[in-house]
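Novice: no sequence on this one, just coordinates:
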Ligand code: TLP
């Protein structure tokens, strides 16, 4: 078996030597008492980076979103979000099951946008029969739209409608630093029009664990209680948070390499005859139309190239810090051998 080239997700990255070193040396305390200096430093750095007053360290992107929704809303409220949002497609319905929230979807355009007029139509009025619509949740970059990047202006055209309707707004910014690098707009500006925004350390930024939820100080105070409710209050979590501080300093700018590799991969796939336009790849995710995505994944796995499946006819390949440009070329060679008749 040749060396595995793992393109399933950017979550497969392993901590760098600098992260392991920082983790070993981290000063720690009990974070449930807010006494872990490394967690406190990470939360302060995250808040500053996102241009918000405060931040909360949570174990996962899923918990960041759930804490955000449960803190913004009360049980019985309605949340509007895209039908391709990770919150609705891949978070076990936690907002409904644990938060008692009604999730109403609006179709995402292929570029990741929700039509602002559709947001206006979806929000319910105060009629006795209706649940209160209280939150709009967006995502950037948009995972299931092939890593689509939304600009600050595109996001604001949606949050403006929400503000006009009196809705609060949350951004699932699991990969917001990919959007920062792709657009050249600082993350703080990208998320400026949102009441809260999360980002993940454990994806392209290469950390073993962790996400940050950012917002104003009063919101984060309440979110801290919601995190405890969900069992996310950690103790000497500075051992993990130390890697996050390294990531914020060392791992953001290099996301440009992942974007370049994703375009290189898409260009190679187009040359092999796959139906993909390399110009459509905006960040580190390649969504690839194939005849039978599960069969394609299994054939590639036999040759040591791991990919994931988005739907019956859509595969996903994700670039990250642990795959190099030569790995991309090697993956293309193996794909060419594994699948002589692309769609
Ligand atoms: N995405 C994972 C899978 O769940 C699909 C991946 O491999 O891409 N928001 C977005 C936009 C995400 O892509 C993910 C993870 C999450 C939230 C959840 O983060 P975790 O996995 O830390 O709970």
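Specialist: That came through fine. Treat the numbers as computed from the prediction; the structure is a model and nothing was measured.
Novice: which stretch of helix or strand covers residue 68?
Specialist: Of the helices and strands defined by DSSP states H and E, residue 68 is found in helix 61-72.
Novice: so for that helix, mean pLDDT?
Specialist: Mean per-residue pLDDT for helix 61-72: 98.
Novice: what packs against that helix?
Specialist: Of the remaining helices and strands, those touching helix 61-72 by 3 or more Cβ pairs under 8 Å, 6 or more residues apart in numbering; DSSP states H and E are strand 54-58, helix 86-89, helix 94-97, strand 133-139, strand 168-172, strand 196-200, strand 211-215, helix 217-229. From N, CA and C alone the C-beta is placed, and that goes for glycine too.
Novice: let's see 6 Å
Specialist: With contacts defined as 3 or more Cβ pairs under 6 Å, 6 or more residues apart in numbering; DSSP states H and E, helix 61-72 has these neighbours: strand 168-172, strand 196-200, strand 211-215, helix 217-229.
Novice: quick one: the helix or strand following it to strand 133-139, angle?
Specialist: Of the helices and strands lying after helix 61-72 in sequence (DSSP H and E), the nearest is strand 78-82. The directions of strand 78-82 and strand 133-139 differ by 20 degrees, with axes from the mean of the first three to the mean of the last three Cα atoms, to 10 degrees as the criterion.
Novice: re the thing from before, now tabulate the helices and strands packed on helix 61-72 in TSV and tack on mean neighbour count and distance to residue 137.
Specialist: As requested, these are exported to TSV (neighbours: other Cβ atoms under 10 Å; distance: least, Cβ to Cβ, whole Å):
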stretch	mean neighbour count	distance to residue 137
strand 168-172	26	5
strand 196-200	30	9
strand 211-215	29	13
helix 217-229	17	15
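Novice: any chance of TSV for those, columns mean pLDDT?
Specialist: Compiled in TSV, those are given as follows (pLDDT from 0 to 100):
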stretch	mean pLDDT
strand 168-172	99
strand 196-200	98
strand 211-215	98
helix 217-229	98
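Novice: out of the ones you listed, which is closest to residue 317?
Specialist: Distances from residue 317 to each of those were compared using Cβ to Cβ; the shortest belongs to strand 196-200, at 18.9 Å.
Novice: got the residues of the stretch 151-300 of the chain near the ligand?
Specialist: Taking Cβ under 6 Å from any ligand atom, the part of the stretch 151-300 of the chain that reaches the ligand is made up of 172, 174, 200, 202, 211.
Novice: 5 Å instead, please
Specialist: Among all residues of the stretch 151-300 of the chain, those adjacent to the ligand (criterion: Cβ under 5 Å from any ligand atom) are 172, 174.
Novice: which residue does the stretch 151-300 of the chain have closest to the ligand?
Specialist: residue 174 (3.4 Å; Cβ to the nearest ligand atom).
Novice: before we move on, back to that, what does the helix holding residue 68 contact?
Specialist: 58, 87, 91, 94-95, 99, 101, 135, 168, 170, 172, 174, 196, 198, 200, 211, 213, 222-223, 226-227, 232 (Cβ atoms under 6 Å, 6 or more residues apart in numbering).
Novice: how about 7 Å then?
Specialist: Helix 61-72 is touched from outside by 58, 79, 87, 91, 94-95, 98-99, 101, 134-135, 137, 168, 170, 172, 174, 196, 198, 200, 211, 213, 219, 222-223, 226-227, 230, 232, with contacts defined as Cβ atoms under 7 Å, 6 or more residues apart in numbering.
Novice: quick one: the closest residue to residue 114 other than its chain neighbours from residue 276, how far?
Specialist: Leaving aside its chain neighbours, residue 114 sits nearest to residue 106 (4.8 Å; criterion: Cβ to Cβ, 6 or more residues apart in numbering). Counting by Cβ to Cβ, to the nearest Å, the gap from residue 106 to residue 276 is 26 Å.
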